[in-house]
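# what's the 3D shape of this:
(one chain, ligands or ions: 1)
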Amino acid sequence: MSYEQEEEDHYGPGYEVGSYTKDYNDGPYDGESDLNVNSNPEGKPRILLMGLRRSGKSSIQKVVFHKMSPNETLFLESTNKIVKDEISNSSFVQFQIWDFPGQVDFFDSNFDCEMIFGGCGALVFVIDAQDDYIDALMKLNLTVTRAYKVNPNIRFEVFIHKVDGLSDDHKIEAQRDIHQRANDELMEEGFDSVNLSFYLTSIYDHSIFEAFSKVVQKLIPQLPTLENLLNIFVSNSGIEKAFLFDVVSKIYIATDSSPVDMQSYELCCDMIDVVVDISCIYGTKDADGAAFDHQSLSLIKLNNSTILYLREVNRFLALVCILREDHFARQGLIDYNFVCFRNAIQEVFEVRMQVQQASNNTNQSAGELIQPLKLL
Ligand SMILES: Nc1nc2c(ncn2[C@@H]2O[C@H](COP(=O)(O)OP(=O)(O)OP(=O)(O)O)[C@@H](O)[C@H]2O)c(=O)[nH]1
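Next comes the predicted model:
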């Protein structure tokens, strides 16, 4: 698990791109500077992180994808160039994150809107809720309107961030106020069809992982299939809740259709930490040094007659389930259903690979550009 500061390159005169990557299992990124949409051969969706200075953009990226502890972010230096990060640690979770400096100026002639927004899947705008957010709302409006004109397919995600410092009432009020002001301004300017999603986030709890899970899920074309498979598995196995996790980032890439409550999600995240930590200390590591392998399985009984059950789905994904202890009496059935579920996921993955390969071949022969928004 290592990442490498790969290279720095010029993003047109005046804008630099720091490009590094972390490929959790396949060793350091060996790619070349990938500066524009056209050189994005695998068509990975791109997520842009934007917002005012010190709003918390780099902290979010470091905590979610680089295992940085929240306290360490206090020492992060201000970003003064676009930092590009390649996330390719899972069969389904593959994208690039571009972290922008807070002072980015859209009116600067060096800022190539077409190129930056054109190949973007989601734009995450971070607002510091502990600060006066009027300036941030102006910047949000400017960013969204600019981006939408270039690419109406972008998903706009607003993180009302640093809410750890706010009381519950204050959080709700901030969300209501920001939601209303942002939408009113867009309506006034005639951007009625722009859809903004809002999330209350903090790096000091699981809210940031939950919010990023939802951002990433929207970029996975196979999501309805995965959810369907989870629903079938859950209803036939007496399971209350199941999450399909990307083990390294602890982002859940799908869950069944019952509502997600934060406590269940936190429990499942904690279980992954426990399993990975114990495996690292006492388990045997494979050739890649990964302690999480095809035999990874864990069962934790809680003192409220609830069971947490974790099974490895593939190298990158784990299924974590919550169920009542009495339902676990039929473990054989659950295990059988799980094997069927795992085979189905494998098939989805294979179909995805085939379609991706076919699309690559077609595009190569036709000399066309690959649509960066498409995974399939
Ligand atoms: N309380 C609290 N502080 C946070 C949170 N997220 C980030 N911070 C702090 O906010 C400060 C700024 O964070 P950065 O990640 O450097 O902000 P940035 O948006 O990348 O800043 P620029 O690079 O200047 O654009 C740091 O001191 C972080 O520790 C959060 O969720 N809660």
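# Just the endpoints, please. Distance across stretch 106-119?
Counting by CA to CA, to the nearest Å, you get 17 Å between the two ends of stretch 106-119.
# Over to stretch 311-330?
Distance between the two ends of stretch 311-330: 16 Å, counting by CA to CA.
# bridging residues for the closest residue in space to residue 51 that isn't next to it in sequence?
Ranked by CB to CB, 6 or more residues apart in numbering and with sequence neighbours excluded, the top spatial neighbour of residue 51 is residue 126, at 3.5 Å. For every residue, glycine as well, the C-beta is placed using N, CA and C. Residues in a beta bridge with residue 126, per DSSP bridges, are residue 51, residue 159.
# What separation do you get for residue 126 and the ligand?
Residue 126 sits 6 Å away from the ligand, going by CB to the nearest ligand atom, to the nearest Å.
# same deal with residue 304?
The value you get for residue 304 to the ligand, if CB to the nearest ligand atom is used, is 30 Å.
# residues near the residue nearest to residue 51, how many?
Under the neighbour criterion other CB atoms under 10 Å, residue 126 is assigned a count of 26.
# What residues does it make contact with?
With CB atoms under 8 Å, 6 or more residues apart in numbering as the criterion, the residues that contact residue 126 are 49-51, 55-57, 60, 159, 161.
# can we see that at 7 Å?
With CB atoms under 7 Å, 6 or more residues apart in numbering as the criterion, the residues that contact residue 126 are 49, 51, 55-57, 60, 159, 161.
# With residue 333 instead?
Applying CB under 7 Å, 6+ apart to residue 333 gives the contacts residue 237.
# again, only this time at 6 Å
With contact taken as CB atoms under 6 Å, 6 or more residues apart in numbering, residue 333 is in contact with no other residue.
# what separates it from residue 150, distance-wise?
Here the distance between residue 333 and residue 150 works out to 52 Å (CB to CB, to the nearest Å).
# what does residue 112 give?
Shown here: residue 112 relative to residue 150, a distance of 10 Å by CB to CB.
# can you check residue 65 too?
Taken as CB to CB, the spacing of residue 65 relative to residue 150 amounts to 26 Å.
# Same check on residue 114?
When distance is defined by CB to CB, residue 114 is 6 Å away from residue 150.
# of these two, who's got more company?
Each of residue 114 and residue 150 has its neighbours counted (other CB under 10 Å); residue 150 has more, 16 against 11.
# show me the contacts for the more buried one.
Taking CB under 6 Å, 6+ apart as the definition, contacts of residue 150 comprise 113-114, 117-118.
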